[in-house]
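Colleague: Sequence first, predicted coordinates after that:
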Amino acid sequence: MGDLTAVGNSTGPAPTGRIVRVAGPLVELEQAGGVAMNDMVLLGTARLPAEVVAIAASLVTVQAYEYTGGLAPGDPARSLGAPVSARLSPALLGGVYDGLLRPLSGAGDWLTPGARGVPGPPRTWLFRPSVPGGRHVTEGSAVGEVAVAGSLRPRVLVPPRCSGAVEFVAAEGEYPEDAVLAVVGGVEIRAGTSWPVRRPRPVRERVPARVPLTTGQRVIDLLFPVARGSTVAVPGGFGTGKTMLLQQVAKWCDADVIVYIGCGERGNEMADVITDFASLSDPRTGGRLADRTVIIANTSNMPMMAREASVHTGVTVAEYFRDMGYDVVVIADSTSRWAEALREFASRTGALPAEEGYPAGLASALAAFYERAAAVTTLGAGPGSVTVIGAVSPPGGDMAEPVTSHTERFVRGLWTLDRDLAHARHYPAVSWSHSFSRDATVLSAGPVTGAARDAAGRRAAVAGLLAEADRLADLVELIGIAALPANERLSVLAGRLVREAVLQQSALSPTDAHCTPAKTAALVEAVLAVVERCRALISSGVPPERVEQADFTALLRAREEARPEDTAVVEAGRDAVLGVLGDLS
C-alpha cells in the first residue's frame, strides 16, 4: 500500500533537534545532529512529517506536511537521515491517496495530527516468476509479475544499480505484499519499493517522442495532437471546462496507466472524479477504469505543503509504472494551485519575491516538473513513456500571468480554453487560434504511413477553413453577412460546419463522449466534401443564400448519431446533405 516512508512507525530515531519557531507550515529547528537538504524530519510527539528546505549554521528550516497546531518551541524533532520518499507498489492501482501517497480510505479528520496513512489490512497477491534461479539479470530486468484487478500485470523489477545471478526466486503462489520474491546479488527484491519523490528514476536513454497519444477528443487529436512522452498545458479561466476536459482525456486516452493529481482543487470536483472512475467501464478492457488509475487527491482544504509535494509524488508513481514498460499519463489539475503553495511558503521564509509574489525559482520548478515527462528506453531495455498534462488556472483569465507564461516555455503543446466558446456552449472550448502543438509536425515527419499523411492534410484543411472564418467574423458583425462576396459567405458557412459537425463534442453523450481516429477522419472528410460541393454550386451561379439555407441537419447530427467507431452513419449523413445540395444545381 502506498504511504510516506517511515511515517506511522511505532518507533523512530532519537531526537536530533528541537523546535524553536512555528509559523504555519514553516518550522525552524535548532540543529543537534547532521541533516541534509530534502531530508525527512518528524516533528513533535505526534511525529508530523516535514522536509528540510534550508540549512543555515545551526538553524534548520523545514516545511511541514501536516497542520501544525499544537507544535511549540522546545518540542523534539527527529531526522530520518533520508529524503522524502514514497512507497511504490502494484497495490497503488485503483487507490486514492493524499499528496504524500498515503491512503485516504479510512483516514480521519484532516485537522487531527497523525490521523492519516494508517495501513489497511495485509494484502496478498499472486506472483508468477519469469526467470529461473541461477540466471544472470541486470538492473531493470523483470523477475516476475503479480496479478492485480484489471488487465494490467505489474512486473517485479531488479532495482537500479543491482545485477547478478538470481540466487532465489519464489515459486508461483500467493504472497503478502512485503514478502521477498527474489534475491539478486545478495539484494532482496519485493513487489514494493521506496523512491525519493524529487529524484527522477533512472532510464537507459531518452528517445524522441514520435508515437501519438489518442485522447478520444476530436479537436485535440485532429488539430493539436500530443505524442506519448510529451508535455501539454491546459490554461483556462474559471468555468471554461478544464476539469471536464482533463477527466475526458483521463477516461478515454489510450495510455496504460493514468495518474490523476487533484492539486488544490475543490473537494466536490475530486469526489466527482473518484465516483466517475469507480463506475466507468474501461473501453479497452471492459473492466473498471479505476483498476489502471492512481488518484492523488490533495484538495484545497488539505495541508498546503502536501499540495506542493503531490505533483512530484504523482510523477514518481508514473515513472514506477513506466519502468515496467507501460505508457503512463499524468494529469495535474492544477499546477496554478501548486505554484500558489510555493508562493505562500516563500513568503513565510522571507524569500525575495518575483512577479506577483511568486518565488524567483518558479520557472525552474515548473521546468523540473515537466522535464520528467519523456519517452524512454527503460533499464530493462524496453519502451515506456510518461506524458504530463497540466492544467493552469490564470486568475481572471489573464494569460500573461507568471505561471501561464512560464509554463508555455516548457511544454510542447498548449490547449487554451476560450471563455467565449464556453459561454456559447461549445465544448470542448479549445481555442483553435490560441492553441498549438509542436508534436503535430513531429508526428507527421519522417517515414509515415498514408494514414498519417492524410491526417496532416486534414489538419491543414480544417485549420485553413477555421482561420478564414475567424478573419471574417469581425467583418460580419460590422457590416452583416449579406454584404460579403459569395466566396467569403461560403468561408463563413464552412467554418460553422467545421465547428458544429467536427469540433464540438458532448462529454455526456454515450456515442460522442469519445471518438476514434476513424470517425474523426470520416467527419472531416464529410465536411470537406460538402464544402467543396457548396463551392462548386456558387461557382456555377447558384445564389449563396440558397446554399446557406440548405438543410445540413444530417451532417450536423452525424457526430451524435454515430458510435465512436462507426463511419457508415457519418457517410450516410454526408450523402444525404450532398443529395440536398444536388437539388439546388
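Modeller: Looks like it arrived, so ask away.

Colleague: who's in contact with the closest residue in space to Glu468 that isn't next to it in sequence?
Modeller: Spatial nearest neighbour of Glu468, excluding adjacent residues (CB to CB, 6 or more residues apart in numbering): Ser491 at 4.5 Å. In short, each C-beta sits where N, CA and C put it, glycine included. Residues in contact with Ser491, defined by CB atoms under 8 Å, 6 or more residues apart in numbering, are Leu465, Glu468, Ala469, Leu472.

Colleague: make it 6 Å
Modeller: Taking CB atoms under 6 Å, 6 or more residues apart in numbering as the definition of contact, the neighbours of Ser491 are Glu468, Ala469, Leu472.

Colleague: for Ile258, same thing?
Modeller: Taking CB under 6 Å, 6+ apart as the criterion, Ile258 is in contact with Ala250, Thr293, Val329.

Colleague: what's the answer for Ala306, then?
Modeller: Contacts of Ala306 by CB under 6 Å, 6+ apart are Tyr65, Gly99, Leu100, Asn298.

Colleague: taking those one by one, which sit in strands?
Modeller: Judged by DSSP state E, those include Asn298 as members of strands.

Colleague: Any chance of a ChimeraX selection covering the buried ones in the contacts of Ala306?
Modeller: If you want just the buried ones from those in ChimeraX, going by 16 or more other CB atoms under 10 Å, the selection is:
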select :65,99,100,298
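
Colleague: For the contacts of Ala306, give me a markdown table that also has distance to Trp432 and pLDDT.
Modeller: Rendered in a markdown table, the data for the contacts of Ala306 read as follows (distance: CB to CB, whole Å; pLDDT from 0 to 100):
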| residue | distance to Trp432 | pLDDT |
| --- | --- | --- |
| Tyr65 | 42 | 92 |
| Gly99 | 35 | 88 |
| Leu100 | 40 | 89 |
| Asn298 | 33 | 87 |
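
Colleague: nearest to Pro283, of the contacts of Ala306?
Modeller: Here the nearest of the contacts of Ala306 to Pro283, counting by CB to CB, is Asn298; it sits at 28.2 Å.

Colleague: Would you mind measuring the gap between the ends of stretch 89-102?
Modeller: Across stretch 89-102, the straight-line distance between its terminal residues is 12 Å, by CA to CA, to the nearest Å.

Colleague: hmm, I was thinking of stretch 140-156
Modeller: The stretch stretch 140-156 measures 9 Å between its terminal residues, going by CA to CA.

Colleague: Any chance you could list what contacts that stretch?
Modeller: Contacts of stretch 140-156 with the rest of the structure, by CB under 6 Å, 6+ apart, involve 90, 93, 125-131, 157-158, 169, 181-182, 191, 285, 287, 291-292, 324, 378-380.

Colleague: same check, this time on stretch 186-197
Modeller: Applying CB under 6 Å, 6+ apart, the external contacts of stretch 186-197 come out as 5, 83-90, 146, 156, 162, 177, 180-182, 312-313, 316.

Colleague: cool, stretch 84-99 as well?
Modeller: With CB under 6 Å, 6+ apart as the test, stretch 84-99 has contacts from 1-3, 5, 40, 51, 101, 103-104, 123, 146, 148, 154, 191-197, 274, 290-291, 294-298, 306-307, 309-310, 313, 316, 320.

Colleague: Quick one: residues contacting Ala576.
Modeller: Applying CB under 6 Å, 6+ apart to Ala576 gives the contacts Ala554.

Colleague: quick one: it from Asp583, how far?
Modeller: Summarising the geometry, the distance separating Ala576 from Asp583, computed by CB to CB, to the nearest Å, is 12 Å.

Colleague: And for Leu379?
Modeller: In this structure, Leu379 and Asp583 are 66 Å apart, going by CB to CB.

Colleague: Between the two, which is the more surrounded one?
Modeller: Using other CB atoms under 10 Å as the criterion, Leu379 and Asp583 rank with Leu379 on top: 21 against 7.

Colleague: Only the buried subset of the contacts of stretch 84-99, as a PyMOL command please.
Modeller: Here is the PyMOL selection string for the buried members of those, based on 16+ other CB under 10 Å:
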select buried, resi 1+2+3+5+40+51+101+103+104+146+148+154+191+192+193+195+196+197+274+290+291+294+295+296+297+298+306+307+309+310+313+316+320
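
Colleague: Give me the subset of the contacts of stretch 84-99 that lies in helices.
Modeller: When helices are assigned by DSSP state H, the members of the contacts of stretch 84-99 inside them are Ile274, Ala306, Arg307, Ala309, Ser310, Thr313, Thr316, Tyr320.

Colleague: Could I get the contacting residues of the fifth one?
Modeller: So that's Ser310. For Ser310, the contact set (CB under 6 Å, 6+ apart) comprises Gly99, Ile261, Cys263, Ile296, Asn298.

Colleague: For the stretch 351-500 of the chain, which segments count as strands?
Modeller: Listed in chain order, the strands of the stretch 351-500 of the chain (DSSP state E, counting those that start in this stretch) span 374-377, 383-392, 413-414, 436-437.

Colleague: and these, which is most packed in?
Modeller: For the strands of the stretch 351-500 of the chain, ranked by mean neighbour count under the definition mean count of other CB atoms under 10 Å, the leader is strand 383-392 at a mean of 26.

Colleague: packing partners for that strand?
Modeller: For strand 383-392, the contact count by 3 or more CB pairs under 6 Å, 6 or more residues apart in numbering; DSSP states H and E identifies strand 231-235, helix 304-322, strand 327-333, helix 335-349, helix 402-410 as packing neighbours.

Colleague: Okay, now the sheet partners of the first one, with direction.
Modeller: In the sheet containing strand 231-235, its partner strands are strand 383-392 (parallel), strand 413-414 (parallel), by DSSP bridges.

Colleague: quick one, domains of the protein?
Modeller: The domain map for the chain lists 17-83, 124-196, 205-443, 450-582, with the assignment taken from automatic domain parsing.

Colleague: now, of these, which is deepest in the fold?
Modeller: Scoring the domains of the chain by mean neighbour count under mean count of other CB under 10 Å gives domain 205-443 as the most buried, with a mean of 21.

Colleague: can you give me the end-to-end distance of that one?
Modeller: In terms of CA to CA, the two terminal residues of domain 205-443 are separated by 20 Å.

Colleague: Could you measure from the nearest residue to Arg266 once chain neighbours are set aside over to Asp272?
Modeller: Distance criterion CB to CB, 6+ apart; nearest residue to Arg266, sequence neighbours excluded, is Ser300 at 6.2 Å. Between Ser300 and Asp272 the distance is 15 Å, computed by CB to CB.

Colleague: cool, Arg307 as well?
Modeller: Taken as CB to CB, the spacing of Arg307 relative to Asp272 amounts to 19 Å.

Colleague: before we move on, what about Val180?
Modeller: Between Val180 and Asp272 the distance is 41 Å, computed by CB to CB.

Colleague: cool, and Arg574?
Modeller: Distance, Arg574 to Asp272, using CB to CB: 37 Å.

Colleague: And for Ser336?
Modeller: Note on Ser336: its distance to Asp272, by CB to CB, is 20 Å.

Colleague: Now do the contacts for Val492.
Modeller: The neighbours of Val492, taking CB under 6 Å, 6+ apart as the test, are Ala469, Leu472.

Colleague: repeat for the one 5 residues further on
Modeller: Contact partners of Leu497, counting by CB under 6 Å, 6+ apart, are Val527.

Colleague: Apply 8 Å and report the result again.
Modeller: For Leu497, the contacting residues are Val527, Val530, Val531, Phe552, Leu555, Leu556, by CB under 8 Å, 6+ apart.

Colleague: Only C-alpha atoms, please: export the lowest-mean-pLDDT helix or strand in the chain in CSV.
Modeller: Scoring the helices and strands of the chain by mean pLDDT, DSSP states H and E places helix 267-279 at the bottom, with a mean of 82. Listed in CSV are the C-alpha atoms of helix 267-279, where the atom choice follows Å, rounded to 0.1, in the frame of the first residue of the first chain:
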residue,chain,number,x,y,z
GLY,A,267,-13.4,18.7,-2.9
ASN,A,268,-16.7,18.2,-4.8
GLU,A,269,-14.8,18.1,-8.1
MET,A,270,-12.4,15.4,-6.7
ALA,A,271,-15.4,13.5,-5.4
ASP,A,272,-16.9,13.5,-8.9
VAL,A,273,-13.6,12.3,-10.4
ILE,A,274,-13.4,9.4,-7.9
THR,A,275,-17.1,8.4,-8.4
ASP,A,276,-16.8,8.5,-12.2
PHE,A,277,-13.6,6.5,-12.3
ALA,A,278,-15.1,3.9,-9.9
SER,A,279,-18.2,3.4,-12.0
